[in-house]
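[1] Mind folding the following:
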Amino acid sequence: MRALIQRAARAAITIDGEKGGSIGRGLVVLLGVTHDDDMRDVNFLADKCINLRIFEDAAGKMNLSLSDVGGGLMVVSQFTLYGDASHGRRPGFTEAAAPETAIPLYEAFVARCRESVADTVTGKFGSDMQVELVNDGPVTLMVESRK
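    Presented below is the predicted three-dimensional model:
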């Protein structure tokens, strides 16, 4: 499981042309699922996203987590995180999990995040989505789960 984590001043999502949710200060997590991911990956990555210390403390040092600052969380499915553009000019997506594997794990990830972050909004798996993000910092990290 792979996540692109972006610290946000604010973010909003449009789903199939309809206004979706929005957050103020917090994190936007673009989440990709691969073939052999399971609940261990879900739990590891959700815990990492919620507790990663990438918000500044009073001294300006990255020392506070999403939980510490009471921020919001936006989770968006992103199969293209497993895109392979190493050959040719068109990326391949064979490492991205099929929907029957990815959807339950994506939903489990969202549920696990909602246990800790009340202000959690999502996209809709497989839909046409536009994400508006004011990246704070900017701070962007790629995090992968471990087996």
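[2] ok, and for the longest strand seen in the chain, which residues are buried?
    Longest strand in the chain by number of residues (criterion: DSSP state E): strand 129-144. Within strand 129-144, the residues that count as buried by 16 or more other CB atoms under 10 Å are 129, 131, 133, 136. Any C-beta I mention is one placed from the backbone N, CA and C, and that applies to glycine too.
[3] Quick check: bridge partners of the first one?
    Beta-bridge partners of Met129, counted by DSSP bridges, are Ile15.
[4] Tell me how far it lies from Arg10.
    17 Å (CB to CB, to the nearest Å).
[5] mind listing the strands for the chain?
    2-15, 18-23, 26-32, 55-56, 62-64, 72-77, 120-122, 129-144.
[6] Take these and write them to CSV, including mean pLDDT and distance to Cys49.
    CSV is the format used below for the strands of the chain (pLDDT from 0 to 100; distance: least, CB to CB, whole Å):
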stretch, mean pLDDT, distance to Cys49
strand 2-15, 97, 6
strand 18-23, 96, 13
strand 26-32, 97, 5
strand 55-56, 96, 13
strand 62-64, 97, 14
strand 72-77, 97, 7
strand 120-122, 97, 10
strand 129-144, 95, 7
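[7] Those: which one's closest to Gly88?
    strand 26-32 (20.7 Å; CB to CB).
[8] hmm, back to that, what is the most widely separated pair among the buried residues of strand 129-144?
    Most distant of those, by CB to CB, are Met129 and Asp136, 20.8 Å apart.
[9] beta partners of the residue nearest the centre of the chain?
    Nearest to the geometric centre of the chain sits Val29, at 1.7 Å (CA atoms, centre = their mean). Beta-bridge partners recorded for Val29 (DSSP bridges): Ile5, Val75.
[10] Right, I'll call it a day here.
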